[in-house]
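>>> A structural model of the following input is requested.
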Amino acid sequence: MVTERKLMSFGREELVDVFLKAENKNTRDKNLSLFWNEEEDASYKPIISTRDACFHMVDKLIAKGLIRQNVIIEPLHSGSSILTYSCSIVSISDNAQEQIGMNEWWEFVKPNSRQKKSAIK
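Residues are numbered from 1 along each chain as shown. I've put the predicted structure just below:
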């Protein structure tokens, strides 16, 4: 069984903003720059530079169970057929770094081109 460490609960968007060190309204409003260490991270340049690619990586880590996400889907109001959706990242597995290290890093970054080709056939 995988044990998990508790993280401050925040969503995929915030995780992507922290990873990309985004300077936007979201990071200012939620004070996400607290996750950055300017002295240690002065030379930090993420390998993934687009939001789309970063969201793909986060989704892949969630699908592999390395990041745990809490999803709530509920009716807008009682008896409504309109649903609302909210999600938050709640924890990471203790062995996430080890698991990522056992795989090629690009597996978490881009879709497998073989899967794309086989899906077309």
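>>> switch to C-alpha atoms for all contacts and neighbour counts from now on
Will do.
>>> what stretches of the protein score poorly on pLDDT?
The model of the chain has pLDDT under 70 over residues 1-9, 37-44, 46, 103-121.
>>> scan it for its longest strand.
strand 83-93 (DSSP state E).
>>> which parts of the chain are helices?
Counting by DSSP state H, the chain has helices at residues 12-20, 25-29, 51-63, 96-102, 113-120.
>>> can you say which of those is nearest to Q69?
helix 51-63 (7.0 Å; CA to CA).
>>> could you export the closest one as PDB, CA atoms only?
Extracted in PDB, the C-alpha atoms of helix 51-63 (Å, rounded to 0.1, in the frame of the first residue of the first chain):
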ATOM      1  CA  ARG A  51       0.800  25.400 -19.800                       C
ATOM      2  CA  ASP A  52      -0.700  22.700 -22.100                       C
ATOM      3  CA  ALA A  53       2.300  20.400 -21.700                       C
ATOM      4  CA  CYS A  54       2.400  21.000 -18.000                       C
ATOM      5  CA  PHE A  55      -1.300  20.100 -17.600                       C
ATOM      6  CA  HIS A  56      -0.600  16.900 -19.500                       C
ATOM      7  CA  MET A  57       2.200  16.000 -17.100                       C
ATOM      8  CA  VAL A  58       0.000  16.700 -14.100                       C
ATOM      9  CA  ASP A  59      -2.800  14.600 -15.500                       C
ATOM     10  CA  LYS A  60      -0.400  11.800 -16.300                       C
ATOM     11  CA  LEU A  61       0.900  11.900 -12.700                       C
ATOM     12  CA  ILE A  62      -2.700  11.800 -11.400                       C
ATOM     13  CA  ALA A  63      -3.600   8.800 -13.700                       C
END
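>>> buried stuff in that helix?
Within helix 51-63, the residues that count as buried by 16 or more other CA atoms under 10 Å are A53, C54, F55, H56, M57, V58, D59, K60, L61, I62.
>>> distance check, E98 against C54.
20 Å (CA to CA, to the nearest Å).
>>> list the contacts of the nearest residue to L61 once chain neighbours are set aside.
Nearest residue to L61 in three dimensions, chain neighbours excluded: I67, at 5.8 Å (CA to CA, 6 or more residues apart in numbering). By CA atoms under 8 Å, 6 or more residues apart in numbering, I67 lies in contact with V58, L61, I89, V90, S91, I92, S93, A96.
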